[in-house]
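Visitor: Structure here, sequence nowhere to be found:
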């Protein structure tokens, strides 16, 4: 009898050991501690729901470093099963390289699909018509300005209606207050932000509102491109935006975290996260009553129109070479949950892509983000295309030359065109 019982216990023990040995492990890569913290409950849910072990790998926090490591590991064939992509400009290139697994069928069948904002669904579609990413968060960007600084100096806070009005307002700010009037991120040190947080804000309202043609070619010789660089040149030549900090490492620190709170920079492009993390309750240098003294303008078009720019904020994707693509895709759908979206909103300040997030009690506590969430309904965006990552780097190089006063707008456009042609080939550029 004892032998039978012992034998049964041994069999159970061996079975348990065997089950543990065979348990699946999913490797996911996230960048920045805030993102890792935001995913904690989701990781636990994935482990419990699918009986797997989730190994979280921390990638470098700066977007450029994160992307470099990710592309290196994907190219070497040893990348994690799931990862967040720090800039949407890289998605189309990663699709073309075969790095991402298509998830169109699963995404459209997912129970959260119907409640996503249309702009999120559209942003997730790649040039080949397939979806490869989970568009769970949106970056909603506008121009943020110091209402208190302008009002004290008797300067209008009305929405500028054109580029000319915006530039004239910046000049008036400099003349009456001594503060820099407007900042658009620029330069090599700012990396993809020179494109994501600066250049494309103006581009969507220019004579070249889209870069990608139907045939996939990049329209970089368009008149609108030169006109956008002209805006940068005027801001730089008339000393309306700070340039020296942009030429050093971490170029965002001085203008956004020091000059703007001090009122020495009166307006800058920024996103929903700025009300909380750049200048609000989670900031190291908060602006008192930030939502009252910092207002927002939509980005005016060159001659008309108002634009609220929407991007996918660090979308998640599945490695096409994952050992268990089916399981990784199931985990990807969990990342799209309302719970995960609200967790990211609280820790990073981006906007949930689901309309249903507005009903979530925890999201309603994020009072700075609630009005911006509703504005996502009117977001505009650039259609993605292969080569956007190269265009982003080219814009950084072109604006760097403008910052250093080494060229004019036409020369900056030539730097962009030449860089893209040298990198991708002449036939890629219209």
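Guide: Here it is on my side, so go on. Not measured: the values here are computed from a predicted model. Numbers count the residues shown, from 1 in each chain.
Visitor: So which residues of the stretch 201-350 of the chain form strands?
Guide: Taking DSSP state E, counting those that start in this stretch to define them, one finds strands in the stretch 201-350 of the chain at 267-271, 294-297, 299-300, 306-307, 309-312, 316-318.
Visitor: could you dump these to CSV with mean neighbour count, distance to residue 328 and mean pLDDT?
Guide: (Glycine included, C-beta is placed from N, CA and C.) What follows is these, written out as CSV (neighbours: other Cβ atoms under 10 Å; distance: least, Cβ to Cβ, whole Å; pLDDT from 0 to 100):
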stretch, mean neighbour count, distance to residue 328, mean pLDDT
strand 267-271, 25, 29, 96
strand 294-297, 20, 38, 95
strand 299-300, 23, 37, 96
strand 306-307, 19, 36, 91
strand 309-312, 25, 19, 88
strand 316-318, 25, 5, 98
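Visitor: With residue 114 as the reference, name the closest of those.
Guide: Nearest to residue 114 among the strands of the stretch 201-350 of the chain is strand 309-312; the distance by Cβ to Cβ comes to 18.4 Å.
Visitor: what about that closest one, distance to the chain center?
Guide: 7 Å (Cα atoms, centre = their mean, to the nearest Å).
Visitor: Tell me how many other residues crowd the residue nearest to residue 273 when sequence neighbours are not counted.
Guide: Closest residue in space to residue 273, ignoring its immediate chain neighbours: residue 349 at 2.7 Å, by Cβ to Cβ, 6 or more residues apart in numbering. Neighbouring residues of residue 349 were enumerated by other Cβ atoms under 10 Å; the total is 25.
Visitor: Tell me which residues touch residue 349, please.
Guide: Counting by Cβ atoms under 8 Å, 6 or more residues apart in numbering, residue 349 makes contact with 271, 272, 273, 274, 275, 276, 277, 369.
Visitor: Need the per-residue pLDDT for the residue nearest to the spatial centre of the chain.
Guide: The chain has residue 313 as the residue nearest its centroid, 3.9 Å off, counting by Cα atoms, centre = their mean. Here, the pLDDT recorded for residue 313 equals 89.
Visitor: any idea how far it is from residue 257?
Guide: 20 Å (Cβ to Cβ, to the nearest Å).
Visitor: same question, residue 105
Guide: 44 Å.
Visitor: So between these two, which is more surrounded?
Guide: Legend: neighbour count by other Cβ under 10 Å for residue 105 and residue 257, higher for residue 257 (17 against 11).
Visitor: Contacts only, for the closest residue to the more buried one other than its chain neighbours.
Guide: Once flanking residues are discounted, residue 257 sits nearest to residue 285: 5.7 Å by Cβ to Cβ, 6+ apart. Applying Cβ under 8 Å, 6+ apart to residue 285 gives the contacts 257, 258, 261, 279.
Visitor: Now the second one: closest residue in space that isn't a chain neighbour?
Guide: Take residue 258 and drop its neighbours on the chain: the residue closest to it by Cβ to Cβ, 6+ apart is residue 285, 6.7 Å away.
Visitor: For burial, what's the neighbour tally of the closest residue to residue 223 other than its chain neighbours?
Guide: In space, and not counting its chain neighbours, residue 223 is closest to residue 207: 4.8 Å by Cβ to Cβ, 6+ apart. For residue 207, the neighbour count with other Cβ under 10 Å is 15.
Visitor: swap in residue 83?
Guide: Around residue 83 there are 27 residues (other Cβ under 10 Å).
Visitor: Make 37 the first number, not 1, from now on.
Guide: Sure, I'll start numbering at 37, so the last one becomes residue 119.
Visitor: Any regions of the chain where pLDDT drops low?
Guide: 37-59 (pLDDT under 70).
Visitor: Domain map for it?
Guide: Following the TED database, one gets these domains for the chain: 61-171+349-413, 176-344+421-464.
Visitor: Just want to check the distance between residue 234 and residue 223.
Guide: Distance of residue 234 to residue 223, given as Cβ to Cβ: 10 Å.
Visitor: which residues do these two both contact?
Guide: Common neighbours of residue 234 and residue 223, using Cβ under 8 Å, 6+ apart, are residue 435.
Visitor: one step back: need the contacts of residue 385 in a markdown table (columns: distance to residue 260).
Guide: Putting the contacts of residue 385 into a markdown table (distance: Cβ to Cβ, whole Å) gives the following:
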| residue | distance to residue 260 |
| --- | --- |
| 307 | 23 |
| 308 | 26 |
| 309 | 28 |
| 310 | 27 |
| 311 | 30 |
| 312 | 33 |
| 313 | 32 |
| 405 | 32 |
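Visitor: most surrounded residue in those?
Guide: residue 308 (28 neighbours).
Visitor: any idea how far the residue nearest to residue 392 when sequence neighbours are not counted is from residue 403?
Guide: Distances taken as Cβ to Cβ, 6+ apart put residue 151 closest to residue 392, at 4.6 Å, once the chain neighbours are dropped. Between residue 151 and residue 403 the computed distance is 22 Å (Cβ to Cβ).
Visitor: for residue 204, same thing?
Guide: For residue 204, the distance to residue 403 (Cβ to Cβ) stands at 33 Å.
Visitor: before we move on, what about residue 171?
Guide: 24 Å.
Visitor: quick one: which of those two has more around it?
Guide: Set residue 171 next to residue 403 and count neighbours by other Cβ under 10 Å: residue 171 wins out with 25 against 11.
Visitor: Please look at that one and residue 347 and confirm they touch.
Guide: No - here residue 171 does not reach residue 347: they are 9.9 Å apart, not a contact under Cβ atoms under 8 Å.
Visitor: contacting residues around the residue nearest to residue 392?
Guide: With contacts defined as Cβ under 8 Å, 6+ apart, residue 151 is in contact with 390, 391, 392.
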